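In: Kindly return the folded structure for what I paste below:
(one chain, ligands or ions: 1)
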Amino acid sequence: MTALSTGRHRAAAPVDAGLEPVADGSVAQWTDRYTHAVMDTFGAPQRVLVRGEGPYVWDADGRRYLDLLGGIAVNALGHAHPTLTAAISAQLGTLGHISNFFASPTQIAFAEKLLSVAQAPEGSRVFLTNSGTEANEAAFKLSRRTGRTRVLALEGSFHGRSMGALALTHKAAYREPFEPLPAGVEFVPFGDADALAAAFEGEPVAALVVEPIQGEAGVLPLPPGYLARARQLTQEHGALLIVDEVQTGMGRTGAWFAHQLPHIGGGVVPDAVTVAKGLGGGFPVGALITFGEPVSTLLGRGQHGTTFGGNPVASAAALTTIGVIERDGLLANVSGVGERLRSRIEALGHPLVAGVRGEGLLIGIELAEPVATEVAARALEAGFIVNPCRPTTIRLAPPFVLTDEQAGTFVDLLAALPGRLTEDGA
Ligand SMILES: Cc1ncc(COP(=O)(O)O)c(C=O)c1O
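Out: Numbering: from 1, shown residues only. Model prediction:
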């Protein structure tokens, strides 16, 4: 056992998957096999993980990590949550998959529950998907049904990697190798409401697509009032307001949706919201939610589809994840633990920490120097998973079940970092 594994937890065991148990192996052996079998789009894995429990995961060498990234804002209930595991197993053992020529009670109950937490008015509907990208792809197609093709998105945006979602994504390095992308998307400066108003003066706009807090760009919340102004402008100009809550939705910010927070949303009712990530607690599921009558009928019969979307097992996962969040009061835990964690990091007064941003358990720690990769590497060595989402920003998106005590161990790690670090770790 290494210093990082505790006596209370068993070390990594051979993984039992498929008909044969997967042979035992070390992190190094598995990493080597990964590089020969998996396409190199993500780079070499930082560790090969074999199991999880609550907010912790263990690697193939038996080392334990506090997972402060939560599978990039996905593992809302932590790992191997017994209620979620039981619900998924029960659904799979009863009815695992049907086509969309049929429906299941689980799917219908999930759709109704999603509309309810979204506070969607009468006439609202959902289209169920498998990922955030697909939810945004559906939203993009929805915008084309307005009869207009000009779509506004924000600089710094991230909406996914399929051709349509990529067209809405700002980062040149992601876009350029795949051009030409679907036409009609224009980017406006982040958080600048006057620039947005000016953009509406041009050709008629089909839709504005916006994240309430840009996650991939470094946990950047929209300035207060921006969404309300965006709502007013879209309404005035007959355009759709599409809010991408793939990262911020399903409780991540302490509200079901970030746009429901008064200081972010200002009471706006969007035309559409996309959601995924935390929705299934780790099971792949996403959704496009349309608000009210006219927009909910824009995509008609035969105009969109998916084999897996609305799958009973994915629906059971989502329904149970939402149920556990409600039953265990996890939204309050997200707000409380998140707020205390942000203030404790700020209170350190550490020379490396320039500021802390975010809402609930979506947190960006801004560093005084571009050493986020080095900080993340040191954290990993010490048993913490965090994400250097840009050179000066560490992103945290831990499970909603995180306790103050667990969060405090990370604050202690930050406190112990030297006041100066360089990118190469010197
Ligand atoms: C705001 C936002 N939209 C869309 C996506 C794409 O979601 P997915 O990776 O599930 O396709 C992401 C993923 O990081 C995201 O953060």
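In: Might you report the residue contacts of the residue nearest to the spatial centre of the chain?
Out: Among the residues of the chain, residue 247 comes closest to the average C-alpha position under C-alpha atoms, centre = their mean, at 2.8 Å. Applying C-beta atoms under 8 Å, 6 or more residues apart in numbering to residue 247 gives the contacts 72-73, 132, 211, 213, 215-216, 277, 362, 397. All C-beta atoms are positioned from the backbone trio N, CA, C, and that covers glycine.
In: mind checking the SS state of it?
Out: Here residue 247 is recorded as coil under DSSP: H, G, I helix; E, B strand; the rest coil.
In: Distance of it relative to residue 416?
Out: Distance of residue 247 to residue 416, computed by C-beta to C-beta, to the nearest Å: 30 Å.
In: follow-up on the earlier one: spatially nearest residue to the residue nearest to the centre of the chain (excluding sequence neighbours)?
Out: residue 215 (3.9 Å; C-beta to C-beta, 6 or more residues apart in numbering).
In: what bits of the stretch 301-426 of the chain have low per-residue confidence?
Out: 423-426 (pLDDT under 70).
In: what about the strands in it?
Out: According to DSSP state E, counting those that start in this stretch, the stretch 301-426 of the chain carries its strands in the segments 353-359, 362-367, 384-385, 387-390, 393-396.
In: Of these, which stretch is the most buried?
Out: Stretch with highest mean neighbour count among the strands of the stretch 301-426 of the chain: strand 393-396 (a mean of 26; mean count of other C-beta atoms under 10 Å).
In: ok, and what's touching that one?
Out: Contacts for strand 393-396 (C-beta under 8 Å, 6+ apart): 68-69, 215, 218-219, 341, 358, 361-367, 372, 375-376, 386-389, 410.
In: The ligand next: which of these are close?
Out: Among the contacts of strand 393-396, proximity to the ligand is found for residue 215 (C-beta under 6 Å from any ligand atom).
In: for the strands of the stretch 301-426 of the chain, which one sits closest to residue 86?
Out: Comparison of those against residue 86 by C-beta to C-beta identifies strand 384-385 as nearest, at 26.0 Å.
In: and the gap between residue 373 and residue 409?
Out: Distance, residue 373 to residue 409, by C-beta to C-beta: 21 Å.
In: Among the two, which residue is more densely surrounded?
Out: Neighbour totals were compared for residue 373 and residue 409, and residue 373 leads with 16 against 13 (other C-beta atoms under 10 Å).
In: In contact with the spatially closest residue to the more buried one that is not a sequence neighbour, which residues?
Out: Nearest residue to residue 373, sequence neighbours excluded (C-beta to C-beta, 6+ apart): residue 388, at 4.7 Å. Residue 388 is in contact with 372-373, 375-376, 394-395, counting by C-beta under 8 Å, 6+ apart.
In: Taking those residues together, which two end up most distant?
Out: Using C-beta to C-beta, the pair of the contacts of residue 388 lying farthest apart is 373 and 395, separated by 12.5 Å.
In: Mind telling me what element residue 107 is part of?
Out: Here residue 107 sits within helix 105-117, counting by DSSP states H and E.
In: For that helix, give the mean pLDDT please.
Out: When pLDDT is averaged along helix 105-117, the result is 98.
In: so what does it touch, helix or strand wise?
Out: In terms of contacts (3 or more C-beta pairs under 8 Å, 6 or more residues apart in numbering; DSSP states H and E), helix 105-117 is packed against strand 125-129, strand 286-290, helix 312-327.
In: Any residue of the longest one touching the ligand?
Out: Spelled out, it's helix 312-327. No: residues of helix 312-327 contacting the ligand under C-beta under 6 Å from any ligand atom: none, with a closest distance of 12.7 Å.
In: tell me the angle that helix makes with helix 105-117.
Out: 40 degrees (axes from the mean of the first three to the mean of the last three C-alpha atoms, to 10 degrees).
In: Filter the contacts of residue 247 down to the ones in strands?
Out: Assigned to strands by DSSP state E, the following of the contacts of residue 247 qualify: 213, 362.
In: Residue 412 - how many residues pack around it?
Out: Using other C-beta under 10 Å, residue 412 has 11 neighbouring residues.
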